[in-house]
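Asker: Return a 3D structure for these sequence lines:
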Amino acid sequence: MDVMEPQGGAVAPEKRQLPLVVDLDGTLLKTDLLFEALFELLATAPLRALRTPLWLRGGKAGFKIRLADVAVLRLHEMPLNEAVLDLVRTAKAEGRPVYLASASDARYVRALADHLGLFDGVFATDAHTNLAGAAKERVLVEAFGAGGFDYVGNATVDLGVWRSARTAYVVDAAPGLIRAANRVCADVRILSPRARRVSDYLRALRMHQWLKNLLILVPGLAAHVLLDPAAILAALLAFLSFSLCASSVYLLNDLLDLGSDRAHATKRHRPFAAGTVPLVHGVLMFPVLLAAALLLAVAVSPGFLLVLVCYYALTLGYSLLIKRKLMVDVVVLACLYGMRVVAGAVALGLPLSKWLIAFSIFLFLSLALVKRAAELANRLKEGRPDPAGRAYRLQDLPVLEMLATASGFAAVLVMAFYVDSPEVLPLYRHPELLRLAGLVLICWIGRILILTHRGEMHEDPVVFAMTDRSSLAAGAALGAIVVAASL
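Answerer: Numbers count the residues shown, from 1 in each chain. This next block holds a predicted model:
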């Protein structure tokens, strides 16, 4: 491919052969390569990423070049805007030259252009020029002349380029930008109107994962204190605080996992990976949610605030490093489940039962192992290779299943010992009925393990447990047994 640099000489094609110049970030791509590179570096080398603000001393162009030196992007997996791609293909079919013009580092731009095979040349940021705004306008006018090209863009920074273009194609633009484009260019065409959907933002928050935070209620239910209005209010505030904190974590985790999510059969549809929610919105959303969670935590109690801060710190460590560590990841994942139980006890001012702690450790470790086993079993069933960004291989599946089985039935054993302990007598009039709960747990855990082995388990077993009919029936049975034992 003939690569055109920003210093290229003037070109004067006939009007019917006017070149089409296409912006990259937010236009051809439904993402931004600068943010992609920053999050890729943060995910793979977090300590080096902390030094990136110092790179700005070399100017924007120098910053982008240094970032591209260390951040390797999977450009072939980036989400493309099909409307822009169709326009490019149509222009090529008409014999028009098509160029890619971007403020991103030239290496990224050339690599994507080579991958698509649709462009006659590229204009991009190099060591001397950050090709954005006025700089891009100047370079394109030097190359093609004022009014000698059509330009496809998506942001206010493109207004100057549209002013010098014959036709302005506006992509994914708000009404205000469309009006501004009409003021600077006589021929404005809306290529794909903005289609932000609330459902995409809600999916980014992963509100279905809030079901996990119902574990906060477990200590109150076990201690039979959730009939008190003050306890109910504290539990609800704790639930909402933990849920907002969890959503903040999920947003950050998804931003860090962009590359691996796009290589996943289902995770590639997540809003950030698919480009349906801009990365910059995620950058703004996750600290706002965290601040709201902390404010609610203060209203619950200082102890609960401490638990929430520890949960966030551990989750951040999990996202940046621990999830890639063999076995350490499942232990930490089990701890993250268990911290919800601890948070519930602290929010209600209850002492943590040694039996509840032991039961939670084994049950949540089993579910964490099921989560990893389910990922491998599903990949094996679909004929896909070892997962990227994880320490496990497909051949590890039998070992994970064995460990999940042992841990799950250890939880049942703890339950059996609890029924015969002195601590059960003050809470239950007929504690012997709780033996039936052990049988229900055996059936439920066994079913989960078999479904996992078949490759039919959801990759988050806690969410599965709270949405699966048989699991809900098992939960109802456990509730009935507890009520009967209490009467």
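
Asker: can you give me the helices for the stretch 301-450 of the chain?
Answerer: With DSSP state H, counting those that start in this stretch as the criterion, the stretch 301-450 of the chain has helices at 302-320, 328-347, 354-382, 397-419, 435-454.

Asker: Tell me the helix or strand right after the last one.
Answerer: Proceeding N to C from helix 435-454, the next assigned helix or strand is helix 461-465, under DSSP states H and E.

Asker: Contact partners for the residue lying closest to Arg163 once chain neighbours are set aside?
Answerer: Computed as CB to CB, 6 or more residues apart in numbering, the closest residue to Arg163 that is not its neighbour in sequence is Val184, at 4.1 Å. Backbone N, C-alpha and C define where each C-beta goes, glycine included. Applying CB atoms under 8 Å, 6 or more residues apart in numbering, one finds that Val184 lies in contact with 159-160, 162-163, 168.

Asker: can you check Ala135 too?
Answerer: Thr129.

Asker: tell me the SS of it?
Answerer: Three-state assignment for Ala135 (DSSP: H, G, I helix; E, B strand; the rest coil): helix.

Asker: Can you tell me how far it is from Val157?
Answerer: Distance, Ala135 to Val157, by CB to CB, to the nearest Å: 10 Å.

Asker: same thing with Pro387?
Answerer: 38 Å.

Asker: now swap in Ser471 and tell me
Answerer: Applying CB to CB to Ser471 and Val157 gives a distance of 51 Å.

Asker: got the domain boundaries for this structure?
Answerer: 15-192, 198-486 (automatic domain parsing).

Asker: For those domains, could you give me CSV that also reports mean pLDDT?
Answerer: Putting these into CSV (pLDDT from 0 to 100) gives the following:
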stretch, mean pLDDT
domain 15-192, 92
domain 198-486, 89
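
Asker: In contact with Met78, which residues are there?
Answerer: Residues near Met78 by CB under 8 Å, 6+ apart: 29-31, 36, 112, 262, 275.

Asker: Ranking by neighbours, what's the top pick from those residues?
Answerer: If you count neighbours using other CB atoms under 10 Å, the busiest of these is Glu36, which has 25 neighbours.

Asker: That one touches Leu279, doesn't it?
Answerer: Yes - at 7.2 Å, Glu36 and Leu279 qualify as touching, with contact defined as CB atoms under 8 Å.

Asker: Just give the number of residues close to the nearest residue to Asp126 once chain neighbours are set aside.
Answerer: Of all residues not flanking Asp126 in the chain, Ala106 sits nearest, at 5.3 Å (CB to CB, 6+ apart). Neighbour count for Ala106, taken as other CB under 10 Å: 22.

Asker: shouldn't Arg393 be in contact with Arg379?
Answerer: No - judged on CB under 8 Å, Arg393 makes no contact with Arg379 at a distance of 10.1 Å.

Asker: if you count what's nearby, which of these two comes out ahead?
Answerer: Arg379 (19 against 12).

Asker: what sits against that one?
Answerer: Arg379 sits in contact with 385-387, 394, where contact means CB under 8 Å, 6+ apart.

Asker: what's the distance between it and Gly455?
Answerer: Taking CB to CB, one finds Arg379 at 9 Å from Gly455.

Asker: for Asp228, same thing?
Answerer: 45 Å.

Asker: These two: who's more crowded?
Answerer: Shown here are Asp228 and Gly455; by other CB under 10 Å, Gly455 has more neighbours (16 against 12).

Asker: Partner strands of the top strand by length along the chain, with direction?
Answerer: If you go by DSSP state E, the chain has its longest strand at strand 98-105. Next to strand 98-105 in the sheet, as set by DSSP bridges, lie strand 20-23 (parallel), strand 121-125 (parallel).

Asker: Okay, buried residues for stretch 76-96 please.
Answerer: Across stretch 76-96, burial judged by 16 or more other CB atoms under 10 Å covers 78-79, 81, 84, 87-88, 91-92, 96.

Asker: would you turn those residues into TSV with distance to Gln209 and secondary structure?
Answerer: What follows is the buried residues of stretch 76-96, written out as TSV (distance: CB to CB, whole Å; DSSP: H, G, I helix; E, B strand; the rest coil):
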residue	distance to Gln209	secondary structure
Met78	26	coil
Pro79	23	coil
Asn81	29	coil
Val84	33	helix
Leu87	38	helix
Val88	38	helix
Ala91	44	helix
Lys92	44	helix
Arg96	48	coil
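
Asker: ok, back up a step: common neighbours of Arg393 and Arg379, please.
Answerer: Taking CB under 8 Å, 6+ apart as the criterion, Arg393 and Arg379 both touch Asp386.

Asker: so after the longest strand of the chain, what's the next helix or strand?
Answerer: helix 106-116.

Asker: Pull out the buried positions in stretch 287-299.
Answerer: Neighbour-count burial for stretch 287-299 [16+ other CB under 10 Å]: 289-290, 292-294, 296-297.

Asker: buried ones in stretch 302-317?
Answerer: Result for stretch 302-317 [16+ other CB under 10 Å]: buried residues 304-305, 307-308, 311-312, 314-316.

Asker: Please report how far Ala377 lies from Gln17.
Answerer: Where Gln17 is concerned, Ala377 sits at a distance of 56 Å (CB to CB).

Asker: Actually, Ala113.
Answerer: Ala113 sits 20 Å away from Gln17, taking CB to CB as the criterion.

Asker: And Cys185, by the same measure?
Answerer: Distance, Cys185 to Gln17, by CB to CB: 20 Å.

Asker: Which residues lie in contact with Ala103 in this structure?
Answerer: 25, 64, 124-125, 130-132, 136.

Asker: Determine which two of those residues are furthest apart.
Answerer: Using CB to CB, the contacts of Ala103 span at most 13.9 Å, a distance reached by Lys64 and Lys136.

Asker: With neighbour count and distance to Leu365 as added columns, please give the contacts of Ala103 in a markdown table.
Answerer: Output for the contacts of Ala103, formatted as a markdown table (neighbours: other CB atoms under 10 Å; distance: CB to CB, whole Å):
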| residue | neighbour count | distance to Leu365 |
| --- | --- | --- |
| Asp25 | 23 | 43 |
| Lys64 | 28 | 44 |
| Ala124 | 26 | 49 |
| Thr125 | 28 | 49 |
| Asn130 | 18 | 50 |
| Leu131 | 25 | 52 |
| Ala132 | 23 | 50 |
| Lys136 | 28 | 54 |
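
Asker: Tally up the residues packed near Val22, please.
Answerer: Neighbours around Val22, by other CB under 10 Å: 28.

Asker: Okay, and the beta partners of it?
Answerer: Going by DSSP bridges, Val22 forms beta bridges with Leu100, Val152.
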